[in-house]
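*Asks:* this is a predicted model, with the sequence first.
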Amino acid sequence: TRASSKYFAPAPPENFYESLGCDVIHFPFQSFEPCGLPSVYNPHDLQHLHHPEFFTPEEIARRERLHPAACRAAHTVVVASQFVKRDLVEGYRIDAEKVQVIPWAPPPLPKSARDDHADDFSKLKRKYGLTDRPFALYPAMTWEHKNHFRLLEALATLRDREGLELQVVCTGYKTDFWPHIERRLKELGLGEQARFPGLIPHEDLSALYRAAMFVFIPTLFEAASGPLFEAWQHGAPAACSTVTSLPEQAAGAALLFDPLSVEEIAGALARMAKDDGLRDELRRRGARRLEDFSLERTAKAYRAVYRRAAGRALDEEDRQLLGRDWTYRQQLNDCALNH
């Protein structure tokens, strides 16, 4: 594999890949270099087509040069969701047969996340200045599309209209957009209701997942959600946006809401905070949904893609994995949570 030349290294010399003696070259990052070998390409998403306001003209132009050409040149294009596949097929007219959906699978929790000290919430409260009130957790970098603005406005709405002062902890690296969020936080007078501790150690994040009343994901765009997987792994009930790949990934194991509506965000927050039965049901559904994903199965699916690209014979397991409908378990989707 080779990382993006833009971010990691200069482009390799001519015929570099051919000189390696490999059968297939895989580009898992957001770069692609034509070569004489069969290739597999992973475009993360086409967010710039949906939300150009979040990108500079230069970045949009770079993506528009890269993605269509790479997808057409690659033997196989692998994406994490049917949503991204539809984007490629409809947006760039890529042949649907060459686009393979292989969802992410969450890695096992590290030992530090399973140790007893990881659940000592009193230490976390002191470390991050949390109150004794129940809290929701939103782990996300402060990119604009993560939608922290509307989340804060929904918290203020619940406080002013219902007297519900729910605490939300928003972890994650603070990007260049953070000063705008910080200013809005002060304008709304939320004080200790919304905490932004920044990037925190894995063991602390695991402890927050376990201690949270629920995980809340109001993002405007995702190719797939890591926090949704992590919520299920830690036994936390989850609510997430009803946009892009999220309904497909959640498949009935999360409460869905419109992330563009402050009213819907506020309603989902209130329902998650007040409805014990809903949270218990979502815990059960999350545990069941998590069973649909496995690192071993994902690795074997990639192996099948490599074999096919190299012109090797496929066995029955390969054919089943390449033809698998990875999207959802119907029994989870049958019972609507969102009424």
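*Replies:* That came in fine, so what should we check first?

*Asks:* tell me the domain boundaries of this structure?
*Replies:* 16-101, 111-290 (automatic domain parsing).

*Asks:* out of the ones you listed, nearest to Arg303?
*Replies:* Evaluated with CB to CB, those place domain 16-101 nearest to Arg303, the distance being 10.6 Å. C-beta: built from backbone N, CA, C; applies to glycine.

*Asks:* can you give me the mean pLDDT across the closest one?
*Replies:* For domain 16-101, mean pLDDT is 94.

*Asks:* do me a favour and get the end-to-end distance for it?
*Replies:* One end of domain 16-101 sits 29 Å from the other (CA to CA, to the nearest Å).

*Asks:* out of the domains of the chain, which is the most enclosed?
*Replies:* Stretch with highest mean neighbour count among these: domain 111-290 (a mean of 19; mean count of other CB atoms under 10 Å).

*Asks:* pLDDT weak spots in the protein?
*Replies:* Within the chain, the ranges that satisfy pLDDT under 70 run 1-10, 112-119, 327-339.

*Asks:* just checking, what packs against the longest helix along it?
*Replies:* When the chain is parsed with DSSP state H, its longest helix is helix 57-73. Judged by 3 or more CB pairs under 8 Å, 6 or more residues apart in numbering; DSSP states H and E, helix 57-73 is in contact with strand 39-41, helix 47-50, helix 82-92.

*Asks:* try it again at 6 Å.
*Replies:* In terms of contacts (3 or more CB pairs under 6 Å, 6 or more residues apart in numbering; DSSP states H and E), helix 57-73 is not packed against any helix or strand.

*Asks:* and the angle for it with helix 82-92?
*Replies:* Taking axes from the mean of the first three to the mean of the last three CA atoms, to 10 degrees, one finds helix 57-73 and helix 82-92 inclined to each other by 100 degrees.

*Asks:* mind listing what the helix or strand that helix 57-73 is followed by pairs with, with the direction of each?
*Replies:* Sequence order places strand 76-79 as the next helix or strand after helix 57-73, per DSSP states H and E. Strand 76-79 has its sheet partners listed here by DSSP bridges as strand 39-41 (parallel), strand 99-101 (parallel).

*Asks:* rebuild the domains of the chain as a markdown table, extending it with distance to Leu321.
*Replies:* Output for those, formatted as a markdown table (distance: least, CB to CB, whole Å):
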| stretch | distance to Leu321 |
| --- | --- |
| domain 16-101 | 10 |
| domain 111-290 | 18 |
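
*Asks:* which of those sits closest to Lys300?
*Replies:* Per CB to CB, nearest to Lys300 of the domains of the chain: domain 16-101, 12.9 Å.

*Asks:* the closest one: how far from the chain's middle?
*Replies:* Distance of domain 16-101 from its chain centroid, counting by CA atoms, centre = their mean, to the nearest Å, is 18 Å.

*Asks:* stretch 200-209 too?
*Replies:* Computed by CA atoms, centre = their mean, the chain-centroid distance of stretch 200-209 equals 17 Å.

*Asks:* starting at the chain centroid, how far to stretch 284-302?
*Replies:* The chain centre lies 15 Å from the centre of stretch 284-302; the measure is CA atoms, centre = their mean.

*Asks:* repeat that for stretch 308-323.
*Replies:* Computed by CA atoms, centre = their mean, the chain-centroid distance of stretch 308-323 equals 28 Å.

*Asks:* can I get the CA coordinates of it in PDB?
*Replies:* What follows is stretch 308-323, C-alpha atoms only, in PDB (Å, rounded to 0.1, in the frame of the first residue of the first chain):
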ATOM      1  CA  ARG A 308     -10.200 -11.400  -8.400                       C
ATOM      2  CA  ALA A 309      -8.000  -8.400  -9.400                       C
ATOM      3  CA  ALA A 310      -5.000 -10.700  -9.900                       C
ATOM      4  CA  GLY A 311      -7.000 -13.100 -12.000                       C
ATOM      5  CA  ARG A 312      -6.900 -15.900  -9.500                       C
ATOM      6  CA  ALA A 313      -9.600 -18.600  -9.100                       C
ATOM      7  CA  LEU A 314     -12.200 -17.700  -6.400                       C
ATOM      8  CA  ASP A 315     -13.400 -20.300  -3.900                       C
ATOM      9  CA  GLU A 316     -17.000 -20.500  -2.700                       C
ATOM     10  CA  GLU A 317     -16.200 -18.400   0.400                       C
ATOM     11  CA  ASP A 318     -14.800 -15.700  -1.900                       C
ATOM     12  CA  ARG A 319     -17.900 -15.700  -4.100                       C
ATOM     13  CA  GLN A 320     -20.200 -15.500  -1.100                       C
ATOM     14  CA  LEU A 321     -18.300 -12.500   0.400                       C
ATOM     15  CA  LEU A 322     -18.200 -10.600  -2.900                       C
ATOM     16  CA  GLY A 323     -21.900 -11.200  -3.300                       C
END
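
*Asks:* which residues touch that stretch?
*Replies:* 23-24, 38, 40, 75-76, 300-301, 304, 307 (CB atoms under 6 Å, 6 or more residues apart in numbering).

*Asks:* what about 10 Å?
*Replies:* 22-26, 37-40, 74-76, 100-102, 297-298, 300-307 (CB atoms under 10 Å, 6 or more residues apart in numbering).

*Asks:* what residues sit buried inside it?
*Replies:* Residues 308-309, 318, 321-322 are the ones in stretch 308-323 that count as buried (16 or more other CB atoms under 10 Å).

*Asks:* with that, I have no additional questions.
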